[in-house]
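Asker: okay, sequence plus prediction incoming.
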Amino acid sequence: VDIAEGWDVGTTPEAMSDDLLLGLRVGFCGCLSTFSSWNSSMINLLWNGHITQALVGYAIGIQLPIISYRAGQHAAVYWFVWRRRREVRRAERRGGYGLRLR
């Protein structure tokens, strides 16, 4: 029995490709169906003469993902800086990183 092979179960590119493709398919189909239903709602508003509501809907639908993306970036940077500062404070209290030899 090879112990090293026990760590490599399901981690080959061939084994992971099925899971990756399934995730990509599900994500793509979910995005596509959501976008198409939103877009068809905006087109129905245009056809019914509600031009202002359709334009506001398009503006919100385009700006909201951009704002959410930027908010996520800022949250990630804040989280990283907070954790880094906490880690440095802990290391300073312990006397440095790594193992202490006595």
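Answerer: Yep, that arrived.
Asker: neighbours of Leu55, how many?
Answerer: If you count neighbours by other C-beta atoms under 10 Å, Leu55 ends up with 13. The way it works is simple: take the backbone N, C-alpha and C, and place the C-beta from them, glycine included.
Asker: make that Leu20, sorry
Answerer: For Leu20, the count of nearby residues is 10 (other C-beta under 10 Å).
Asker: show the pLDDT at it.
Answerer: pLDDT for Leu20: 77.
Asker: in this protein, which helix or strand is least confident?
Answerer: Every helix and strand of the chain was ranked by mean pLDDT, DSSP states H and E. The lowest is helix 3-6, at a mean of 58.
Asker: so, low pLDDT: which residues of this structure?
Answerer: 1-13, 15-16, 96-102 (pLDDT under 70).
Asker: quick check: longest helix of this structure.
Answerer: If you go by DSSP state H, the chain has its longest helix at helix 51-94.
Asker: quick revisit: may I see the buried residues of the next helix or strand after the least confident helix or strand of the chain?
Answerer: Sequence-wise, the next helix or strand downstream of helix 3-6 (DSSP states H and E) is helix 13-47. By 16 or more other C-beta atoms under 10 Å, the buried positions in helix 13-47 come out as 42, 45.
Asker: when you give positions from now on, start the count at 75
Answerer: Sure, I'll start counting at 75 from here, so that last one is helix 87-121.
Asker: what angle do helix 87-121 and helix 125-168 make?
Answerer: Orientation check (axes from the mean of the first three to the mean of the last three C-alpha atoms, to 10 degrees): helix 87-121 against helix 125-168 gives 140 degrees.
Asker: for helix 87-121, packing partners?
Answerer: Applying 3 or more C-beta pairs under 8 Å, 6 or more residues apart in numbering; DSSP states H and E, one finds that helix 87-121 makes contact with helix 125-168.
Asker: by contact count, what packs against the helix it packs on?
Answerer: Under the contact definition 3+ C-beta pairs under 8 Å, 6+ apart, helix 125-168 sits against helix 87-121.
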